[in-house]
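S.K.: Next one to model:
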Amino acid sequence: MNEDQFRESPLLTVRAADIAGVVVVAVEGEIDVDTADEVLDALREGFRGEGPALVADLTEVTFFGSTGISTLITAHELADEHGKDFHVVAPQRAVKRPLQVTGVADVLLLHDSVDEALTALRSVPTE
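M.R.: Down below sits the predicted model:
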């Protein structure tokens, strides 16, 4: 795994890495009005890459509210624009529950681990 990018602030750490040809953006900390732009910028950069998909790993996110939901909706739209799959890893209740309650979970491809997301990507036939 090669670290492509690393950003850190008091409330948020964002790392982007290439894992088996897929960009994985790992977020640690709080996704709120003060940090959402950093997350979205990292996701935008990831979608510009060569891979067929992007995985947002939110396993270590400790706060996730309406701004986080908006960030993922925007990322989903960016994936469509770039013709890429967008998978979200959200095993914990702090992230998964707001997505379920708002119905956004029905639109996103949610997983409980990065390995699960990568396995799902490998099982998708390529054209």
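
S.K.: residue boundaries of the strands in the protein?
M.R.: When secondary structure is read from DSSP state E, the chain shows strands at 2-8, 12-19, 22-31, 53-64, 85-89, 109-111.

S.K.: okay if I get the ones you listed as a markdown table plus mean pLDDT?
M.R.: Converted to a markdown table, these look like this (pLDDT from 0 to 100):
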| stretch | mean pLDDT |
| --- | --- |
| strand 2-8 | 58 |
| strand 12-19 | 94 |
| strand 22-31 | 96 |
| strand 53-64 | 97 |
| strand 85-89 | 98 |
| strand 109-111 | 97 |
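
S.K.: want to try a markdown table for those strands, with distance to residue 45 and mean neighbour count as columns?
M.R.: C-beta: built from backbone N, CA, C; applies to glycine. Compiled in a markdown table, those are given as follows (distance: least, C-beta to C-beta, whole Å; neighbours: other C-beta atoms under 10 Å):
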| stretch | distance to residue 45 | mean neighbour count |
| --- | --- | --- |
| strand 2-8 | 7 | 12 |
| strand 12-19 | 7 | 19 |
| strand 22-31 | 8 | 22 |
| strand 53-64 | 10 | 21 |
| strand 85-89 | 14 | 22 |
| strand 109-111 | 20 | 19 |
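
S.K.: what's the closest of those to residue 102?
M.R.: Comparing the strands of the chain by their distance to residue 102 (C-beta to C-beta), the top pick is strand 53-64, with 11.3 Å.

S.K.: longest helix of the chain?
M.R.: Among the segments of the chain that qualify as a helix by DSSP state H, the longest is helix 66-82.

S.K.: quick revisit: distance to residue 117 for the strands of the chain - can I get that in a markdown table?
M.R.: Rendered in a markdown table, the data for the strands of the chain read as follows (distance: least, C-beta to C-beta, whole Å):
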| stretch | distance to residue 117 |
| --- | --- |
| strand 2-8 | 18 |
| strand 12-19 | 10 |
| strand 22-31 | 8 |
| strand 53-64 | 5 |
| strand 85-89 | 4 |
| strand 109-111 | 4 |
